[in-house]
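[1] Return a 3D structure for these sequence lines:
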Amino acid sequence: MKVSNETKIGALTAISVTLLILGFNFLKGRTMFKTGFFVYTKYSNAKKLMTSNAVFINGFEVGRVYEIETEGSNLGSLIVTIKFDETYNIPDNSVASIEGNLLGSPSLNIRLGNSSKYLKSGDTIASAESKDMFDDISSKIDPVTAQLKLTMLSLDSVLRNINSIFDPNTKGNLQSIFANLNKATAGIVTSTASLQKLLNTETGALAGSLNNVNSFTKNLADNNDRIDSVLANLQTTTKNLSKADIDGAVNQLKAFITKLNDVMTKFNSQDGTLGALINNKELYNSINNTVRSLNTLADDLRVHPKRYVNISVFGKKDKGDYLTAPLKDSSNSSPKK
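    The predicted model follows:
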């Protein structure tokens, strides 16, 4: 039997279309016959989840989204079919959540539970409505936006109050204040230049002071041996002083002062001879008269020596008048003949 070319072309076209459909479904993660390990879950919002999106457990890809369909005509209840690559032991209290991806398609992430019972093919896994990155950002930005609006309203009110307060006179005063601030700034600049000049490492006064300090420290370093000698002598002196019997010397000085006080007490008292001589005026007068008589006798002896000593054989005794008082200037008077 001879097959016509038209039949061959039709059969080839049908086979090609079939292979194309099978290949497309294979790339989407779907097979011609629904066989394998399937699990179902429900969401109210698929968050742009599509078939063939990956399914992860602990960051490991375990399957793909096989199908997404509505529960009847209710668009608020979406049934997501998950096809696993192999049969895994997934606890029946595990939770599947949709996680968004900023750079790619969203994916399903299954957080394993702690139950000892495992899901079977055809069971339903619990779902959780997780917030993606944009939802988190929106939830954080919305309060900030509301607060910013309130702040802008408050700022507008403050600016209105400022405009109502700042009359032309006040604005003129503000201009004067800014002018004074400019002058103060200029003064600060001048002071900074002066300070820079002061801190100049070559010509500044501080540099001169530091040079003097360096010279002083250099002199100290040059005379270090002399300073050590002086300190050694000072240490020797202090050591000798520490060994000296200062307490004994002080005690002797105290005893001497005590005796001196006793002597001074006797000087002030009239009981002793020296005290009576110093304090008794009658004794003083008697001694003064005795000294005066002795002076008179000495002057008389000097003026009339023949009256007392006669060494001449033929001479006669001087019988002149006796002196009754000392001569005023006995050193210049000549003896009487």
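[2] Following element in sequence after the longest helix seen in the chain, please.
    Counting residues, the longest helix in the chain under DSSP state H turns out to be helix 133-165. The element immediately downstream of helix 133-165 (helix or strand, assigned by DSSP states H and E) is helix 168-198.
[3] how big is the angle separating that next one from helix 133-165?
    Interaxial angle, helix 168-198 versus helix 133-165 (axes from the mean of the first three to the mean of the last three CA atoms, to 10 degrees): 110 degrees.
[4] With just CA atoms, put the helix or strand following helix 168-198 into CSV.
    Toward the C-terminus, helix 168-198 is succeeded by helix 205-222 as the next helix or strand (DSSP H and E). Extracted in CSV, the C-alpha atoms of helix 205-222 (Å, rounded to 0.1, in the frame of the first residue of the first chain):
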residue,chain,number,x,y,z
ALA,A,205,56.5,83.1,70.3
LEU,A,206,55.7,79.5,71.3
ALA,A,207,58.6,78.3,69.1
GLY,A,208,60.9,80.7,71.0
SER,A,209,59.6,79.4,74.3
LEU,A,210,60.2,75.9,73.2
ASN,A,211,63.7,76.8,72.1
ASN,A,212,64.3,78.3,75.6
VAL,A,213,63.0,75.1,77.2
ASN,A,214,65.2,73.0,74.9
SER,A,215,68.2,75.2,75.9
PHE,A,216,67.4,74.8,79.6
THR,A,217,67.0,71.1,79.3
LYS,A,218,70.3,70.9,77.3
ASN,A,219,72.0,72.9,80.1
LEU,A,220,70.6,70.4,82.6
ALA,A,221,71.9,67.5,80.6
ASP,A,222,75.3,69.1,80.2
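[5] for helix 205-222, packing partners?
    Counting contacts by 3 or more CB pairs under 8 Å, 6 or more residues apart in numbering; DSSP states H and E, helix 205-222 packs against no other helix or strand. From N, CA and C alone the C-beta is placed, and that goes for glycine too.
[6] Look at Leu108 and tell me its secondary structure.
    The three-state label given to Leu108 by DSSP: H, G, I helix; E, B strand; the rest coil is strand.
[7] mind showing which ranges of the stretch 1-150 of the chain have poor pLDDT?
    By pLDDT under 70, the low-scoring segments of the stretch 1-150 of the chain are 1-3, 22-35, 102, 130-139.
[8] now with 90?
    For the stretch 1-150 of the chain, the stretches flagged by pLDDT under 90 are 1-37, 44-53, 59, 64, 66-77, 85-87, 98-107, 121-122, 127-150.
[9] repeat for the stretch 151-300 of the chain
    In the stretch 151-300 of the chain (pLDDT under 90), the answer is 152-184, 186-300.
[10] Ile125 - how many residues pack around it?
    Residues near Ile125, counting by other CB atoms under 10 Å, number 21.
[11] ok, so what distance separates it from Gly63?
    Distance of Ile125 to Gly63, given as CB to CB, to the nearest Å: 12 Å.
[12] Need the residues touching each of the two.
    Common contacts of Ile125 and Gly63 (CB atoms under 8 Å, 6 or more residues apart in numbering): Ile82.
[13] Might you calculate how far stretch 90-99 sits from the centre of the chain?
    How far stretch 90-99 lies from its chain's middle: 55 Å, per CA atoms, centre = their mean, to the nearest Å.
[14] for stretch 84-96, same thing?
    60 Å.
[15] For it, list every residue counted as buried.
    84, 88, 90-91, 94-96 (16 or more other CB atoms under 10 Å).
[16] Same list, those, but as CSV with secondary structure and distance to Ile287 please.
    Compiled in CSV, the buried residues of stretch 84-96 are given as follows (DSSP: H, G, I helix; E, B strand; the rest coil; distance: CB to CB, whole Å):
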residue, secondary structure, distance to Ile287
Phe84, strand, 149
Tyr88, coil, 145
Ile90, coil, 143
Pro91, strand, 140
Ser94, coil, 140
Val95, strand, 137
Ala96, strand, 142
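[17] want to throw these into a markdown table with distance to Ala298?
    Below are those laid out as a markdown table (distance: CB to CB, whole Å):
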| residue | distance to Ala298 |
| --- | --- |
| Phe84 | 159 |
| Tyr88 | 156 |
| Ile90 | 154 |
| Pro91 | 151 |
| Ser94 | 151 |
| Val95 | 149 |
| Ala96 | 153 |
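[18] Looking at the residues you listed, which one is closest to Val158?
    Closest approach to Val158 among the buried residues of stretch 84-96 (CB to CB): Val95, at 50.4 Å.
[19] Assign the closest residue to Leu108 other than its chain neighbours to helix, strand or coil.
    Leaving aside its sequence neighbours, Leu108 sits nearest to Val55 (CB to CB, 6 or more residues apart in numbering; 4.5 Å). Classification of Val55 by three-state DSSP places it in strand.
[20] Just want to check the distance between Val55 and Ala325.
    In terms of CB to CB, Val55 sits 157 Å off from Ala325.
[21] out of these two, which sits in the busier spot?
    Val55 (23 against 11).
[22] I'd guessed that one sits against Ile82; true?
    Yes - using CB atoms under 8 Å, Val55 makes contact with Ile82 at a distance of 5.5 Å.
[23] what's the overlap in contacts for these two?
    63-65, 108.
[24] Right, I'll call it a day here.
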